[in-house]
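Trainee: can you look at this prediction? I've put the sequence above it.
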Amino acid sequence: MADAATQLPWEAVIGLETHVQLGTDSKIFTAASTTFGDEPNTHIDPVVCGLPGTLPVLNHKVLEYAVKAAMALNLNIAEHSKFDRKQYFYPDLPKNYQISQFDQPIAEEGWIEVEVAEKGKDTYLKTIGIERLHMEEDAGKLVHAGSDRLAGSTHSLVDYNRAGVALAEIVSKPDLRTGREAAEYASEIRRIMRYLGVSDGNMQEGSLRCDVNISVRRGPDAPFGTKVEIKNMNSFSAIQKAVDYEIKRQVKAYEAGEPVVQETRLWDEGKQLTKSMRSKEGASDYRYFPDPDLGPIEVSSEQREGWRAELPELPAAKRHRYADDLGLSQYDARVLTDERQMADYFEAVVNAGADAKLSANWITGDLAAYVNSNRLSFAALPFRPEQLSEMVQLIDGGKISGKIAKEILPELLEKGGSPKAIVDERGLGMISDPAAIEAIVDELLGAHQEEVEAFRNGKTKLQGFFVGQLMKKTGGKADPKLANQILSQKLKG
């Protein structure tokens, strides 16, 4: 008889190590620039290269950003922490060690709430534990043979511009169970960092990178399986696909009686699979020891409270407030809070007096499409929040129709301006005088006697024909509700 444990379904156990580039102008221990995309090896100096006689000095802005990030992740800030040297030899590491934090990180034991939206399933909330956040310096970048510039070459080039750039490494607890949860967690981390203004989170430029640790086990009470790491995931879709692939690969191996070895793997986007890179090092392989050139880090209570007071309202809190206080759907709340600038724009529109739901529809629809297609930010949009609020209130008050609003919107998006002034100047206001609409209806019915007769003989769908004719004759300015009421009365005789 088979062991009962083997009858339990497989469960994945997933944790993420997220490397967030802190958005300082200079590097973590030197004044060298962090500007992206410049000529290789133009942002290095003796400290970055670890030349004899040089001493690193902690960039205070890095400490501030790291503490703010930790607070937003509900982590406990350490009063005292330190830097350590992580020893390993690789061409992208100019000093042959990395300055990081080992046993005394700047922050530990936190959590975030993640909203998981899976296709075809109900959206659900999940709390993900965060083990720690620590500060460290980035390594350089290797350019391997096979690129256009090195086609046919037998060597690699190294660019040290990234070396010494400040990173916050955020280590989750193994609370994730699916590729979708992993992608949503990484997305929420990015969202929070961007809200704080401590990182641009630009994954294409390497400002946010994820290493994913995955194992599988039989049921929730079984011990963890052998952990495999997938390095340097740089998109949320890649995270989801790589995790889902790796779960299937490991389950298939176990069921075939094959071992799963502890190793580092890479995601091959072209082939849609993970492939082995190297065996995984343990912490002992790095021979950590306290950095003798950097003193202990102390964060005073005054610093903590000052930085905490500067934190903005975070995405999860906004989502709850939009749903609970403004009556928006989960979907609308999620879309509006994805970027802080969009959320700020929306709130300014509502604060100026517009209906929340109508405002959300315009912002997540027409305005978002315009912003994205023109590569603008909401902060740079010529159509200001108070102007959209004015337009929404004109619609809500029956002064103009949605059709008229759509007609004047392109001009407003390009140049801004007062919707009411444009409507008044061009005579676009809605016709809401019953006598005026009744006169037009009488004229239409007189001109379409056959259709009137057909309607009265049972072809009631012809009312849509008359509505269309009425709107055509009034240029879309007739009040739709009033027009339908008058038409219905007149058609019935």
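Mentor: Good, I have the coordinates.

Trainee: CA atoms of the longest strand along the chain as PDB?
Mentor: As assigned by DSSP state E, the longest strand anywhere in the chain is strand 124-137. The C-alpha coordinates for strand 124-137 follow below in PDB (Å, rounded to 0.1, in the frame of the first residue of the first chain):
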ATOM      1  CA  TYR A 124      -7.600  37.300  -3.100                       C
ATOM      2  CA  LEU A 125      -5.400  39.000  -0.600                       C
ATOM      3  CA  LYS A 126      -2.300  37.300   0.800                       C
ATOM      4  CA  THR A 127       0.100  38.400   3.500                       C
ATOM      5  CA  ILE A 128       3.700  37.700   2.600                       C
ATOM      6  CA  GLY A 129       6.400  37.700   5.400                       C
ATOM      7  CA  ILE A 130       9.600  39.600   4.800                       C
ATOM      8  CA  GLU A 131      12.700  38.200   6.500                       C
ATOM      9  CA  ARG A 132      15.100  41.100   6.100                       C
ATOM     10  CA  LEU A 133      16.300  44.100   4.200                       C
ATOM     11  CA  HIS A 134      19.900  44.900   4.000                       C
ATOM     12  CA  MET A 135      22.100  47.400   2.100                       C
ATOM     13  CA  GLU A 136      24.900  46.400  -0.300                       C
ATOM     14  CA  GLU A 137      26.800  47.500  -3.300                       C
END
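
Trainee: next helix or strand past that strand?
Mentor: Counting by DSSP states H and E, the element after strand 124-137 in chain order, helix or strand, is strand 141-143.

Trainee: give me the buried stretch members for that following strand, please.
Mentor: Val143 (16 or more other Cβ atoms under 10 Å). (Glycine included, C-beta is placed from N, CA and C.)

Trainee: so which residues make contact with that strand?
Mentor: With contacts defined as Cβ atoms under 8 Å, 6 or more residues apart in numbering, strand 141-143 is touched by Pro91, Asp92, Arg149, Leu150, Ser156, Leu157, Val158, Asp159, Asn161, Arg162, Gly206.

Trainee: check which helices and strands the one helix or strand Ile239 maps to sits against.
Mentor: Here Ile239, judged by DSSP H and E, is contained in helix 236-255. Using 3 or more Cβ pairs under 8 Å, 6 or more residues apart in numbering; DSSP states H and E as the contact test, the elements touching helix 236-255 are strand 10-21, helix 179-196, strand 208-218, strand 228-233, strand 263-268, strand 273-279.

Trainee: name the strands paired with the third one and say parallel or antiparallel.
Mentor: In this case it means strand 208-218. With DSSP bridges as the test, strand 208-218 is paired with strand 10-21 (antiparallel), strand 228-233 (antiparallel).

Trainee: so for Gly201, which of the ones you listed sits nearest?
Mentor: Set against Gly201 and scored by Cβ to Cβ, the strands paired with strand 208-218 come closest in strand 10-21, at 7.3 Å.

Trainee: after that closest one, which helix or strand is next?
Mentor: Taking DSSP H and E, what comes next after strand 10-21 is helix 46-49.

Trainee: chain center to that next one: distance?
Mentor: Helix 46-49 sits 34 Å away from the centroid of its parent chain (Cα atoms, centre = their mean, to the nearest Å).

Trainee: stretch 428-442 now?
Mentor: Relative to its chain's centre, stretch 428-442 lies at 48 Å (Cα atoms, centre = their mean).

Trainee: related to what we said a few turns ago, between the helices and strands packed on helix 236-255, which gets nearest to Ile408?
Mentor: Ranking the helices and strands packed on helix 236-255 by their distance to Ile408 (criterion: Cβ to Cβ) puts helix 179-196 first, at 32.5 Å.

Trainee: ok now that closest one, how far from the chain's centre?
Mentor: On Cα atoms, centre = their mean, the centre of helix 179-196 falls 6 Å from that of its chain.

Trainee: show me what that helix packs onto, helices and strands only.
Mentor: Helix 179-196 sits against strand 10-21, helix 60-72, strand 107-116, strand 124-137, strand 208-218, helix 236-255, helix 315-324, with contacts defined as 3+ Cβ pairs under 8 Å, 6+ apart.

Trainee: now do 7 Å
Mentor: strand 10-21, helix 60-72, strand 107-116, strand 208-218, helix 236-255, helix 315-324 (3 or more Cβ pairs under 7 Å, 6 or more residues apart in numbering; DSSP states H and E).

Trainee: give me the residues contacting the fifth one.
Mentor: Residues lying outside helix 236-255 but in contact with it, judged by Cβ atoms under 7 Å, 6 or more residues apart in numbering, are 10, 12, 14, 179-180, 182-183, 186-187, 210, 212, 214, 216, 228, 230, 233, 260, 267, 269, 272-274.

Trainee: mean confidence for that helix?
Mentor: Taken as a whole, helix 236-255 has an average pLDDT of 95.

Trainee: just the terminal-to-terminal distance for stretch 450-470.
Mentor: By Cα to Cα, to the nearest Å, the extent of stretch 450-470 from end to end equals 17 Å.

Trainee: to the chain's geometric centre, what's the distance from it?
Mentor: For stretch 450-470, the distance to the chain centre is 50 Å (Cα atoms, centre = their mean).

Trainee: re earlier: buried subset of the contacts of helix 236-255, written for ChimeraX?
Mentor: The following ChimeraX line selects those of the contacts of helix 236-255 that are buried, judged by 16+ other Cβ under 10 Å:
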select :10,12,14,179,180,182,183,186,187,210,212,214,216,228,230,233,260,267,274
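
Trainee: follow-up on the earlier one: format the helices and strands packed on helix 236-255 as JSON lines; extra columns: distance to Asp122 and mean pLDDT.
Mentor: Shown next, in JSON lines, are the helices and strands packed on helix 236-255 (distance: least, Cβ to Cβ, whole Å; pLDDT from 0 to 100):
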{"stretch": "strand 10-21", "distance to Asp122": "20", "mean pLDDT": "96"}
{"stretch": "helix 179-196", "distance to Asp122": "13", "mean pLDDT": "97"}
{"stretch": "strand 208-218", "distance to Asp122": "25", "mean pLDDT": "95"}
{"stretch": "strand 228-233", "distance to Asp122": "27", "mean pLDDT": "88"}
{"stretch": "strand 263-268", "distance to Asp122": "29", "mean pLDDT": "91"}
{"stretch": "strand 273-279", "distance to Asp122": "30", "mean pLDDT": "84"}
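
Trainee: in TSV, list the ones you listed along with distance to Asn484.
Mentor: Below are those laid out as TSV (distance: least, Cβ to Cβ, whole Å):
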stretch	distance to Asn484
strand 10-21	55
helix 179-196	44
strand 208-218	52
strand 228-233	54
strand 263-268	56
strand 273-279	58
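
Trainee: so which of those comes closest to Ser377?
Mentor: Checking the helices and strands packed on helix 236-255 against Ser377 by Cβ to Cβ gives helix 179-196 as the closest, at 11.7 Å.

Trainee: which residues sit against that closest one?
Mentor: Against helix 179-196 from outside (Cβ under 7 Å, 6+ apart): 14, 16, 18, 20, 68-69, 72, 112, 114-116, 118, 126, 128, 170, 172, 176, 199-201, 208, 210, 212, 236, 239-241, 243-244, 311-312, 314-315, 338, 340.

Trainee: got it, and stretch 107-114?
Mentor: Contacts of stretch 107-114 (Cβ under 7 Å, 6+ apart): 70, 73-78, 125-133, 184-185, 188, 316.
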